[in-house]
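S.K.: need a structure here:
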Amino acid sequence: MMTHNYDIILVDDDAIANQISKINLQRCNKNVSIQEFDKSVNFLKFLRQNRESNNILLDLDMPLVSGWDILEEIDIVGLSDVYNIIVLSTSDLVQDRIRSKSYDSVKAYISKPLNKNKTQKIFQIFENCRKDLPNKNAS
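M.R.: I've put the predicted structure just below:
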């Protein structure tokens, strides 16, 4: 079990997937703080007002504003280096995986639902981003 503190934003319109994700994240790390957005429009408003470094788990297929739209917004406003995003998707399409890699803020693409191994991978990726942070600021 991991013990570092993590603040994670979960953006997914699927309530059941959110519950599974939250349970797995909390089982893997008792010190995780999860902020949940089940409406991508609300997350986009939050994103425009809060520019602090954040770890984000992002679904791609959502109504009104898709995960792709959110990734575009982050690129357009020049905040790709501020956010560590892991795409969580039920889609296992190769073209979605390839497209997600074109965004600097996307650190990984993980298929839903989460399980113990996938959850541990998420924390490892966020830990690696945390270690890389001082190097970005130093250059």
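S.K.: need the strands for the chain, in chain order.
M.R.: For the chain, applying DSSP state E gives strands covering 6-11, 32-37, 54-58, 83-89, 106-111.
S.K.: and the longest one, what does it pack onto?
M.R.: Think strand 83-89. Other helices and strands packing on strand 83-89, by 3 or more C-beta pairs under 8 Å, 6 or more residues apart in numbering; DSSP states H and E, are strand 54-58, helix 67-76, helix 94-100, strand 106-111, helix 116-138. Every C-beta, even on glycine, is put in place using the N, C-alpha and C of the backbone.
S.K.: please identify the most buried of the ones you listed.
M.R.: The highest mean neighbour count among the helices and strands packed on strand 83-89, using mean count of other C-beta atoms under 10 Å, belongs to strand 54-58: a mean of 23.
S.K.: what pairs with that strand, parallel or antiparallel?
M.R.: Strand pairing for strand 54-58, using DSSP bridges, gives strand 6-11 (parallel), strand 83-89 (parallel).
S.K.: do you know how far Gln35 is from Lys118?
M.R.: Distance of Gln35 to Lys118, computed by C-beta to C-beta, to the nearest Å: 20 Å.
S.K.: if you could redo that for Val87, that was the one I meant.
M.R.: Taking C-beta to C-beta, one finds Val87 at 12 Å from Lys118.
S.K.: list residues touching both of these two?
M.R.: Ile110 (C-beta atoms under 8 Å, 6 or more residues apart in numbering).
S.K.: out of the helices and strands packed on strand 83-89, nearest to Cys28?
M.R.: Among the helices and strands packed on strand 83-89, helix 116-138 comes nearest to Cys28, with 4.5 Å by C-beta to C-beta.
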